[in-house]
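# Coordinates only, no sequence provided:
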């Protein structure tokens, strides 16, 4: 049963564990009768789904993971474009409970991250719980039985709790351009890279210039005969040298775990300091960051006109600052690479038409990001109490969830990395681990008390969002249009504060905030 004393004990336990071990406290199996009868259905086996699975397994709770793909990894399985990398330092991006001392470089590339996730799955025996090639089609809450009935291509799965770990960045978003179907050459989205694609001797157009494009454009430019990069909006690009770790460094991290932990903590603190200096509208570092990044871009791009075109006019951090992207700026100096800022009128069978010219190309690569709102549900019909549907309501247009996890009218369901839990400055793995701790705490309470259903109270939900929207007004994210916002200008994607503030809010499940039914 939750109490202030219990809460204080949890605070102390977590602080000690994080400071001395760099991880959440170890999870022990619950000594509770009928634990074996409690089942959790996890949708998706990306990084957040795996974190949920590991902690449930450590707690002795039954679960199954439903994964549409033939392999785990989520976004790190689907995204295979050249030079695909994480823009958060690897020693900060890995799980706290599964440290990896031998990361090859500061910012890890996709193959190494995917291999790490597969290693974690083997270590914690997750493969026996995963149902690959299983497409989830629907999920409906059975109020009478207090369970979720999940319809899939492999039949129905039933769970006392459902955890959606579909992730916000896995459904590719294509531009709405006339003539896309008429183009006769090769065309594909960067998030669904065409296996075996060879740019050698080809005229290639890349539509988009954000994180993915900034990573693969330098590789395409090495062999393409001509490369056009279509830019709608410039992005701030920061200096982030992706150097390889010396063998001595990796040896020291292995021999002296406290040293690796100290390094991880220093990375974490650095990222939090960046938030306080840059992402607040009144941040003292905003003007300094702008001057530094502007100078960096102008020094890297030789043509003054091109340098001016790729230098944003909006506040630093309003859109995601691109890391691991210095080679992109250097690529713009090559004579066969052209930056195109004119709006696209249409695609033709032979190329791309702008307002002033027709650029003939052999291949088009769409680097236009993800449908973040569509990714949340991934086309799944989710129905709660009274048949209320997330996709039928205006929720999909303006997604909201208490702590980014719980929605009124949808008992016993939690969303991993849901609305307002994304980050512009630090690792989302921290957020995911905080959420897992909260979910396991909820399961523990349900089993201790015999509670069959938990539903967030509407007034708690409303109060939470009053605070969220108030905090967001003090940040830079409302100063420009970005994928962080919906059509109403509401910022639904990002957490508006320090990550340790989220840890504090998710430290323990608070029964008083929920409608509990036995």
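Now that the structure is in, tell me what you want to look at. All values reported here derive from a predicted model rather than from experimental measurement.
# List the contacts of residue 274.
Residue 274 makes contacts with 285, 425, as judged by Cβ atoms under 8 Å, 6 or more residues apart in numbering. (Each C-beta comes from the backbone N, C-alpha and C, glycine too.)
# which SSE is it in?
Using DSSP states H and E, residue 274 maps to helix 257-274.
# C-terminal to the lengthiest helix in the chain, what's the next element?
For the chain, the longest helix by residue count, based on DSSP state H, is helix 428-449. Later in the chain than helix 428-449, the nearest helix or strand by DSSP H and E is strand 453-456.
# what about that following strand, average pLDDT?
Mean pLDDT, computed over strand 453-456, is 98.
# returning to that earlier point: what pLDDT, on average, does the helix holding residue 274 get?
Mean predicted confidence for helix 257-274 is 94.
# And stretch 118-133, by the same measure?
Per-residue scores along stretch 118-133 average to 98.
# Give me the contact list for it.
For stretch 118-133, using Cβ under 8 Å, 6+ apart, the contacting residues are 45, 50, 53-54, 57-58, 63-73, 95, 98, 100, 152-154.
# can you give me the strands for the stretch 151-300 of the chain?
Secondary structure of the stretch 151-300 of the chain, counting by DSSP state E, counting those that start in this stretch: strands at 155-159, 161-164, 186-189, 203-207, 226-230.
# and residue 429, what does it touch?
47, 51, 92-96.
# quick one: pLDDT of it?
pLDDT at residue 429 comes out at 96.
# Now do it against residue 235, distance only.
Using Cβ to Cβ, to the nearest Å, we find residue 429 at a distance of 23 Å from residue 235.
# what about the protein, any weak spots by pLDDT?
Applying pLDDT under 70 to the chain flags the ranges 1-35, 282-283, 393.
# redo that, cut-off 50
1-2, 7, 21 (pLDDT under 50).
# ok, back up a step: for the buried ones among the contacts of stretch 118-133, write the corresponding PyMOL selection.
Buried subset of the contacts of stretch 118-133, written as a PyMOL selection, criterion 16 or more other Cβ atoms under 10 Å:
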select buried, resi 45+50+53+54+57+63+64+65+66+67+68+69+71+72+73+95+98+100+152
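# Among the contacts of stretch 118-133, which lie within helices?
50, 53-54, 57-58.
# Farthest-apart pair in those residues, please.
Maximum pairwise distance among those (Cβ to Cβ): 12.6 Å, between 50 and 58.
# And the closest residue to residue 53 other than its chain neighbours, its phi and psi?
Sequence neighbours aside, residue 126 is the residue nearest to residue 53 in space, at 5.3 Å (criterion: Cβ to Cβ, 6 or more residues apart in numbering). The phi/psi pair for residue 126 (degrees, to the nearest 10) reads phi -80, psi -20.
# Kindly report the same for residue 39.
Residue torsions, per degrees, to the nearest 10, at residue 39 are phi -130, psi 140.
# In this model residue 199 seems to touch residue 223, though I could be wrong.
Yes - judged on Cβ atoms under 8 Å, residue 223 makes contact with residue 199 at a distance of 4.9 Å.
# When these two are compared, which one has more neighbours?
residue 199 (20 against 13; other Cβ atoms under 10 Å).
# what about that one, distance to residue 231?
19 Å.
# And for residue 343?
Counting by Cβ to Cβ - residue 343 and residue 231 are separated by 11 Å.
# higher neighbour count, these two?
When neighbours are counted by other Cβ under 10 Å, residue 343 and residue 231 differ, and residue 231 comes out ahead with 18 against 9.
# Contact partners for that one?
Residues in contact with residue 231 (Cβ under 8 Å, 6+ apart) are 209, 309-310, 339-341.
# Most neighbours out of those, which is it?
residue 209 leads the contacts of residue 231 on contacts (other Cβ under 10 Å) with 26 neighbours.
# That one is in contact with residue 366, isn't it?
No - counting by Cβ under 8 Å, residue 209 sits too far from residue 366 to count as a contact (11.9 Å).
# and the nearest residue to residue 165 once chain neighbours are set aside, how many neighbours?
Nearest residue to residue 165, sequence neighbours excluded (Cβ to Cβ, 6+ apart): residue 49, at 3.3 Å. Residue 49 has 29 neighbours, counted by other Cβ under 10 Å.
# Quick check, residue 49 in contact with residue 65.
Yes - Residue 49 is in contact with residue 65 according to Cβ under 8 Å; the separation is 5.9 Å.
# Quickly list what's touching both of those two.
Counting by Cβ under 8 Å, 6+ apart, the residues touching both residue 49 and residue 65 are residue 42.
# Which residues does stretch 348-367 contact?
So stretch 348-367 is in contact with 172, 174-175, 179, 182-190, 197, 199, 202-210, 212-213, 216, 220, 226, 228, 230, 340, 342-347, going by Cβ under 8 Å, 6+ apart.
# Span of it from start to end?
End-to-end distance for stretch 348-367, by Cα to Cα, to the nearest Å: 19 Å.
# in that stretch, what counts as buried?
348, 350-354, 359, 361-367.
# Residue 334: what's it in contact with?
Here residue 334 is in contact with 221, 227 (Cβ under 8 Å, 6+ apart).
# Could you check how far it is from residue 226?
For residue 334, the distance to residue 226 - Cβ to Cβ - is 10 Å.
# got the contact list for residue 322?
87, 210-211, 214, 235-238, 328.
# tell me the phi and psi of it?
phi -80, psi 130.
# Spatially, which residue comes closest to it, not counting chain neighbours?
residue 237 (4.7 Å).
# got it, and residue 231?
Closest to residue 231 by Cβ to Cβ, 6+ apart is residue 209, at 4.4 Å.
# Now do the contacts for the spatially closest residue to residue 200 that is not a sequence neighbour.
Leaving aside its chain neighbours, residue 200 sits nearest to residue 223 (4.3 Å; criterion: Cβ to Cβ, 6+ apart). Applying Cβ under 8 Å, 6+ apart to residue 223 gives the contacts 198-201.
# Is it possible to mark the buried ones in those?
Looks like the contacts of residue 223 have residue 199 buried, using 16+ other Cβ under 10 Å.
# nearest to residue 488, of the contacts of residue 223?
Among these, and counting by Cβ to Cβ, the member closest to residue 488 is residue 199, at 40.1 Å.
# Do I have it right that the closest one meets residue 220?
Yes - assessed by Cβ under 8 Å, residue 199 is found in contact with residue 220 at 4.9 Å.
# Overlap in contacts, those two.
Taking Cβ under 8 Å, 6+ apart as the criterion, residue 199 and residue 220 both touch residue 227.
# Can you check what angle separates the longest helix of the chain from helix 257-274?
In terms of direction (axes from the mean of the first three to the mean of the last three Cα atoms, to 10 degrees), helix 428-449 departs from helix 257-274 by 100 degrees.
# Tell me the buried residues in helix 428-449?
Buried, per 16+ other Cβ under 10 Å, within helix 428-449: 428-447.
# Stretch 263-283 now?
For stretch 263-283, by 16+ other Cβ under 10 Å, it's 263-264, 267-268, 271, 274-275, 277-280, 283.
# List just the nearest of the residues you listed to residue 115.
Closest to residue 115, out of all of the buried residues of stretch 263-283 and judged by Cβ to Cβ, is residue 264, at 19.7 Å.
# burial measure for the residue nearest to that closest one when sequence neighbours are not counted, as a count.
Of all residues not flanking residue 264 in the chain, residue 91 sits nearest, at 5.1 Å (Cβ to Cβ, 6+ apart). Residues near residue 91, counting by other Cβ under 10 Å, number 24.
# Identify the residues contacting the helix or strand containing residue 91?
Per DSSP H and E, residue 91 falls inside helix 90-93. If you take Cβ under 8 Å, 6+ apart as the criterion, helix 90-93 is touched by 86, 100, 103, 105-108, 112-113, 260, 263-264, 267-268, 271, 426-427, 429.
# The same query, at a cut-off of 10 Å, please.
Under the criterion Cβ atoms under 10 Å, 6 or more residues apart in numbering, residues 22, 47, 86-87, 99-101, 103-109, 112-113, 116, 242, 245, 253, 260-261, 263-268, 270-271, 426-430 lie in contact with helix 90-93.
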